[in-house]
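A.B. asks: I'd like to go over a predicted model; first the sequence, then the structure.
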Amino acid sequence: MFFIQEDLRIVSKAVEKFELLISNAESSGELDVDLVELIGHGMITTYGRCFTESSGYRWLKKSIFDGHNDLREIHGEVMDLRNKSVAHREDTFRFEAVVGWVIPRNNPGANSFRLVFRRTGVKPDDLGKYRKVFDFVSAYVHYAIALEREKMIIRIQKLSLEEWQQYRLDIYLDQLLQTDKE
């Protein structure tokens, strides 16, 4: 869960950077499309990793959205974006190409082939709703870690004096309790 928490911290930072780029573009009139795409792809990939099965590591289940259909829908959209555009190229989801044959009127022999790509990954207008689901998942993970910490403290407190001394858990427990107070 700590790895997931760290991934979600990075996602939150990516959202901030994405918003800053958009804000700067609105005032300057210039948008670094490649940088927006890189940050958007990193944000989506890192978020998706929290829900993707990995050997040896825990991952989140979609069931955390039970009772939150609006967030489940947004999560599904983000995961589609991850699975179909960012992490894999299974289809042309949010990726468009315009192919054309250019034949100049005044010189038909100088015809040419033109291919133009347009990516439509993370749209600035979608960022607000994505942030809503990112914040929800982050709060869920934070709460899950707090529950695990409580269980660990209870288990430690039930150890015999010999077990306490063997593992020097008194120091560890003090550190856990101190962190909880902060």
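C.D. replies: Nice, I can see it. Numbering: from 1, shown residues only.

A.B. asks: quick check: most distant residue from the centroid of the protein.
C.D. replies: No residue in the chain sits farther from the centre than residue 106, which is 51.6 Å out by Cα atoms, centre = their mean.

A.B. asks: please enumerate the strands of the protein.
C.D. replies: For the chain, applying DSSP state E gives strands covering 95-102, 112-119.

A.B. asks: centroid residue for this protein?
C.D. replies: Nearest to the geometric centre of the chain sits residue 47, at 2.1 Å (Cα atoms, centre = their mean).

A.B. asks: mind pulling up the pLDDT for the nearest residue to that residue once chain neighbours are set aside?
C.D. replies: In this structure, residue 47 finds its nearest non-sequential neighbour in residue 11, 4.9 Å apart by Cβ to Cβ, 6 or more residues apart in numbering. Yep, even glycine has a C-beta here, placed from its N, CA and C like the rest. On the pLDDT scale, residue 11 is placed at 94.

A.B. asks: repeat that for residue 15.
C.D. replies: Confidence at residue 15, expressed as pLDDT, is 93.

A.B. asks: for the one 5 residues further on, same thing?
C.D. replies: At residue 20, the model reports a pLDDT of 91.

A.B. asks: do you know how far the closest residue to residue 49 other than its chain neighbours is from residue 33?
C.D. replies: Distance criterion Cβ to Cβ, 6+ apart; nearest residue to residue 49, sequence neighbours excluded, is residue 7 at 5.8 Å. For residue 7, the distance to residue 33 (Cβ to Cβ, to the nearest Å) stands at 25 Å.
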